[in-house]
Each structure stands twice: as structure tokens, then as C-alpha cells.
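Enquirer: What follows is a protein structure lacking sequence information:
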């Protein structure tokens with residue numbers, strides 16, 4: 001890791017740090033690079049550094065840089081002098097670049113969140129004219145908004161996933177305990193729905209409810225309260241004011257938040273190591289079981305694990321316990337072979353993922369690059385874990 005230089009740093013320290021930086025630089029880089037619209041910090045770092053997630057630390061090694069996190073289209077990055085980074089400010093006519101392309105993660109920033117429970121939230125008890133579905137301009141009747149006043153705005157959300165953790169010894173040897181993870185599509189009662197398209201695939205890991213990691217809520221649309229509970233009527237009136245997904249009885253309500261997510265993501269390693277089996281890939285977006293570059297994945301770690309936005313992790317296929325056929329013969333069934341006659345093969349590196357949205361026990365990440373697809377159940381490690 002590279003630490004910031006202070007103004008009082010000695011020439012010897014400067015020389016050592018410059019050498020360390022040079023060791024991280026890719027060979028054959030140009031003397032300068034002009035930042036372009038559409039670039040991300042990861043893209044630029046990947047061109048010049050062997051470890052893109054170290055970009056902020058290396059950038060901070062240059063005291064002349066006023067803000068290592070704000071790089072704009074038109075800025076000229078100098079790479080010529082002793083492999084040290086420098087910058088010449090551009091016109092500053094556009095927004096600064098981010099760690100990842102916002103257009104690819106915006107639906108997960110705006111429309112999804114993970115909570116510990118949802119049963120206590122206000123919910124749609126009926127729709128106007130007893131409709132089965134409600135849309136923009138129509139009215140929904142809400143139970144549980146006692147005391148709410150007209151003019152308040154709410155997001156209509158629907159529970160779509162339940163993430164849980166199951167402890168098992170099956171995938172590793174008897175001395176290597178791991179954790180199996182599971183996700184399931186839900187309806188508003190916590191049951192698997194019929195005819196609803198989910199954002200994620202179902203995990204095929206073992207059955208059982210296990211330790212709850214959280215419920216995912218998908219935002220469907222928004223509405224404005226036009227009338228509270230009056231005259232003994234036990235339901236408030238909500239006017240749906242956005243052309244989102246259709247609303248149905250049982251959908252939940254939460255207050256509209258102005259901007260409940262970050263817009264800047266700066267790559268960096270995790271603050272701590274995880275116990276093996278604790279950090280895994282929970283699900284892959286768009287109902288897939290594996291994802292490649294620029295696919296979104298749900299992960300089984302969050303704020304309580306020291307994870308924050310911009311954290312970079314590597315994904316690994318978990319090594320199996322294979323039967324030693326040379327020792328026991330080719331005809332023996334795997335089920336009849338004990339642990340003493342099995343060999344644990346190493347985990348296999350798949351790629352890197354950068355986290356862009358964090359909750360207490362779950363986070364969303366974007367697969368940045370890799371040598372093979374990242375799949376449900378893959379282990380998450382430090383990005384510098386040896387291959």
C-alpha cells in the first residue's frame with residue numbers, strides 16, 4: 001500500500017516510494033494520457049497499473065495533486081517523470097469521472113435496497129375500483145399510515161429476495177468449515193411468487209432458512225398522499241404519480257429519499273480479511289447463475305463487515321474435495337470414499353468485483369474484469385490474494 005507523502009518527507013523516502021510506484025506501473029505506458037468522457041478510474045488505472053484498485057493510494061503519493069478523487073475529462077495525466085503520476089487540469093466543463101459507469105448500476109442504486117424486515121411497513125390494502133393492478137394516475141389505499149398528512153411522498157416497494165446463510169461442512173474437509181448461501185424470490189408475504197420477473201437468479205444451494213442476511217426491496221413507483229385516515233376510514237389515499245411498475249395489493253411503502261446513494265466510487269482494498277466461507281457471491285442479476293465484466297452481483301458482506309463503496313474484492317471458484325483415484329482406484333463411488341482418501345484442490349481465481357452499494361449484511365458489486373465468469377457461491381477474497 002502506498003501512503004501519502006508529507007511536505008517534510010526526506011529525499012530518501014521519496015526515492016523509495018518512487019521505486020515502489022514504478023514496480024506497480026504497467027510496462028510501455030505513454031508519457032501522457034488525456035482523460036476522455038466515458039472513462040472511469042478503473043479504466044485509467046487498468047491501462048497503467050498492475051493493480052487498478054491501488055489508484056487512489058498511488059495518486060495521493062503526489063502532494064501537488066489537490067484532490068486525488070476528482071479527475072475530469074480533459075485532464076492530462078503525466079506518466080513520464082520517474083514513473084510518477086502528475087496532472088494538468090483540463091477545462092472542468094463536465095462532471096468528474098467515477099470508479100464505475102453509473103449507467104450500468106443506476107437501477108441498483110435507485111430501485112433496490114436491503115432491509116432486516118418489511119412486515120412492519122405500511123402496505124397497499126386495496127386499489128381504486130377493486131382493480132388487480134394500479135398504475136400512474138390511479139389511486140391506491142394504504143393501511144398503516146396513521147397520522148400521515150396529505151402531500152407526503154412515498155416509494156412503493158416490493159420484497160423480491162430473501163438472503164440467508166447456511167453453515168455446512170460438505171464442500172470442504174472436516175477441518176475447513178464453510179458457509180453456504182441462498183437467495184429466493186419472494187412475494188409480499190415472503191413466499192415464492194408466480195409470474196413475477198425477478199432481478200436475480202435463484203441460488204441452487206441447500207434448503208433451509210438459516211441466518212437471515214436481509215430482504216431485498218424493489219422500488220416499483222412513487223406516489224403522493226392525497227388524504228389521510230379520516231372519518232373512521234382505516235386507509236389513507238395515495239395517488240400513483242410515476243410511470244414505473246404496476247402496483248398490487250400487499251406492496252409496501254417507504255418515505256421517498258432525495259438521494260440515498262453515492263455517485264462517486266473510488267477503488268480500494270478491503271479494510272480487513274474475512275473468515276473463509278463468510279464472504280460469498282449470493283446472486284447474479286438478470287436471473288443468471290454467472291456473470292462477466294459489467295454484470296451486477298449480490299454479496300454476503302456489508303457495512304457490519306467493514307465493507308464500503310469502492311471496496312474491491314477478488315472472486316474465486318471454491319476448490320473441491322476430489323477422490324484420490326490413484327490411491328483408491330477408479331471404480332470406487334465417491335460417496336463411499338472417506339476424507340482420508342480425498343484431496344482438497346485449490347480455489348481458482350475468477351475476477352475482480354467493486355462494491356457500489358452497501359447495506360448491513362449484504363452489498364451489490366459490479367464485476368470489473370476476470371479470466372472466467374463469476375458464479376453464485378464463489379468465495380470473495382482480498383484483491384491481492386495470490387492466484
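Expert: Yes, it's here. This is a predicted model, so every value here is computed, not measured. Numbering: from 1, shown residues only.

Enquirer: Show me which residues of the helix or strand hosting residue 357 are buried.
Expert: Assigning secondary structure by DSSP states H and E places residue 357 in strand 348-358. For strand 348-358, a neighbour-count test (16 or more other CB atoms under 10 Å) marks 349-358 as buried. Backbone N, C-alpha and C define where each C-beta goes, glycine included.

Enquirer: Stretch 365-372 too?
Expert: For stretch 365-372, using 16+ other CB under 10 Å, the buried residues are 365-368, 370.

Enquirer: Columns pLDDT, secondary structure and distance to residue 253 on top of the residues you listed, output as CSV?
Expert: Shown next, in CSV, are the buried residues of stretch 365-372 (pLDDT from 0 to 100; DSSP: H, G, I helix; E, B strand; the rest coil; distance: CB to CB, whole Å):
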residue, pLDDT, secondary structure, distance to residue 253
365, 95, strand, 28
366, 94, strand, 29
367, 95, strand, 33
368, 93, strand, 35
370, 92, strand, 39
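
Enquirer: Quick one: those as TSV, columns for distance to residue 103 too.
Expert: Output for these, formatted as TSV (distance: CB to CB, whole Å):
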residue	distance to residue 103
365	16
366	11
367	16
368	15
370	21
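
Enquirer: any idea which of the residues you listed is closest to residue 386?
Expert: residue 370 (16.1 Å; CB to CB).

Enquirer: Nearest spatial neighbour of that closest one, chain-adjacent residues omitted?
Expert: Setting aside the residues directly before and after it, residue 370 is nearest to residue 351 in space (CB to CB, 6 or more residues apart in numbering), at 2.0 Å.

Enquirer: after the one helix or strand in the chain whose mean pLDDT sits lowest comes which helix or strand?
Expert: Averaged element by element with mean pLDDT, DSSP states H and E, the chain has its least confident helix or strand at helix 11-24 (a mean of 38). Sequence-wise, the next helix or strand downstream of helix 11-24 (DSSP H and E) is strand 32-34.

Enquirer: so where do the helices sit in this protein?
Expert: According to DSSP state H, the chain carries its helices in the segments 11-24, 41-48, 55-59, 102-110, 325-328.

Enquirer: shouldn't the residue nearest to residue 370 be in contact with residue 375?
Expert: No: Residue 351 is not in contact with residue 375 according to CB atoms under 8 Å; the separation is 10.5 Å.

Enquirer: Could I get the contacting residues of the residue nearest to residue 264 when sequence neighbours are not counted?
Expert: The shortest distance from residue 264 to any non-neighbouring residue, by CB to CB, 6+ apart, is to residue 98 (5.4 Å). Applying CB atoms under 8 Å, 6 or more residues apart in numbering to residue 98 gives the contacts 40-41, 263-265.

Enquirer: Tell me how far residue 98 lies from residue 269.
Expert: For residue 98, the distance to residue 269 equals 18 Å [CB to CB, to the nearest Å].

Enquirer: Over to residue 165?
Expert: 24 Å.

Enquirer: These two: who's more crowded?
Expert: Higher neighbour count among residue 165 and residue 269: residue 165, with 20 against 17, using other CB atoms under 10 Å.

Enquirer: wait, doesn't the more buried one sit right on residue 279?
Expert: No: using CB under 8 Å, residue 165 makes no contact with residue 279, being 10.8 Å away.

Enquirer: For these two, list the residues in contact with both.
Expert: Common neighbours of residue 165 and residue 279, using CB under 8 Å, 6+ apart, are residue 300.

Enquirer: Tell me which residues touch the residue lying farthest from the centre of the chain, please.
Expert: The centre of the chain is farthest from one residue, residue 231, which by CA atoms, centre = their mean lies 46.1 Å away. By CB under 8 Å, 6+ apart, residue 231 lies in contact with nothing.
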